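[1] sequence first, then the predicted structure, then my questions.
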Amino acid sequence: MRPSSPSDVPTPFFRGITHEMAGYLLLRLALGLNILVHGLVRIGNPTAFADTLVQLFANTWLPSPLVRLFALLLPFVETLLGALITLGLLTRTALFAGGLVMVSLIFGTALRSDWETLGLQMIYATLYSLLLAAASFNGLSLDAWRVKARSHPAPASVRGPAPVP
């Protein structure tokens, strides 16, 4: 079958990789690294981040201890989810959990009536949703590698000698 356009001509680098898989990988890496670095930057000084967040929510009805607890946990959650999304490990779970984190951030931002920040958070929520909806294209990931390894176990000669009974 002839390729329908020049971009459909297989190159050695993209052999076996569809356009959808390559696009999914790029979007997943961009979101994952973004969230990972958000967490890593905040982990360096979690109390300063928590103090800032408590001040931002001082005029809302949310209790300060709850805001502080959320702010202290958020950098670790972001780091974990960012790492999982970047690697493509437990991708669907990490994307869903990340989407829930965004929902909680959107709730807090709406309470503060910070509509500009809320617009940016809606973009993140959209990215999580798109990646979750298109998860069938996650072929370049540790999840795909794990599934492939389970369905095609290594031959006995590669696995080593059989255990002695």
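    Cool, the structure landed. Model, not experiment: these values are computed from the prediction.
[2] lowest-confidence helix or strand of the chain?
    helix 156-159 (a mean of 58; mean pLDDT, DSSP states H and E).
[3] low pLDDT regions in this protein?
    Under the criterion pLDDT under 70, the flagged ranges of the chain are 1-13, 154-165.
[4] got the residue ranges for the helices in it?
    Here the chain has its helices, by DSSP state H, at 19-43, 46-56, 64-87, 91-111, 115-133, 142-151, 156-159.
[5] how about JSON lines for these, with mean neighbour count added?
    C-beta coordinates here come from the backbone N, C-alpha and C atoms, glycine included. JSON lines is the format used below for the helices of the chain (neighbours: other C-beta atoms under 10 Å):
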{"stretch": "helix 19-43", "mean neighbour count": "17"}
{"stretch": "helix 46-56", "mean neighbour count": "15"}
{"stretch": "helix 64-87", "mean neighbour count": "18"}
{"stretch": "helix 91-111", "mean neighbour count": "17"}
{"stretch": "helix 115-133", "mean neighbour count": "15"}
{"stretch": "helix 142-151", "mean neighbour count": "12"}
{"stretch": "helix 156-159", "mean neighbour count": "8"}
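[6] how about the nearest residue to the spatially most central residue of the chain, chain neighbours excluded?
    Nearest to the mean C-alpha position of the chain, by C-alpha atoms, centre = their mean, lies Ile85 at 3.3 Å. Taking C-beta to C-beta, 6 or more residues apart in numbering, and ignoring the residues beside it in sequence, Ile85 has Gly32 as its nearest neighbour in space, at 3.4 Å.
[7] who's in contact with stretch 79-96?
    By C-beta atoms under 8 Å, 6 or more residues apart in numbering, the surrounding residues in contact with stretch 79-96 are 25, 28-29, 31-40, 43, 97-98, 101, 128, 131-132, 135, 138, 140-144.
[8] typo on my end, it should be stretch 36-52
    67-68, 71-72, 74-83, 85-86.
[9] can we see that at 7 Å?
    68, 71-72, 74-76, 78-79, 82-83, 86 (C-beta atoms under 7 Å, 6 or more residues apart in numbering).
[10] could you do stretch 58-74 as well?
    Contacts for stretch 58-74 (C-beta under 7 Å, 6+ apart): 42, 46, 49-50, 53-54, 57, 111-112.
[11] could you redo the last one with a cut-off of 6 Å?
    Residues outside stretch 58-74 that contact it (C-beta atoms under 6 Å, 6 or more residues apart in numbering) are 46, 49-50, 53-54, 57, 111.
[12] thank you, goodbye.
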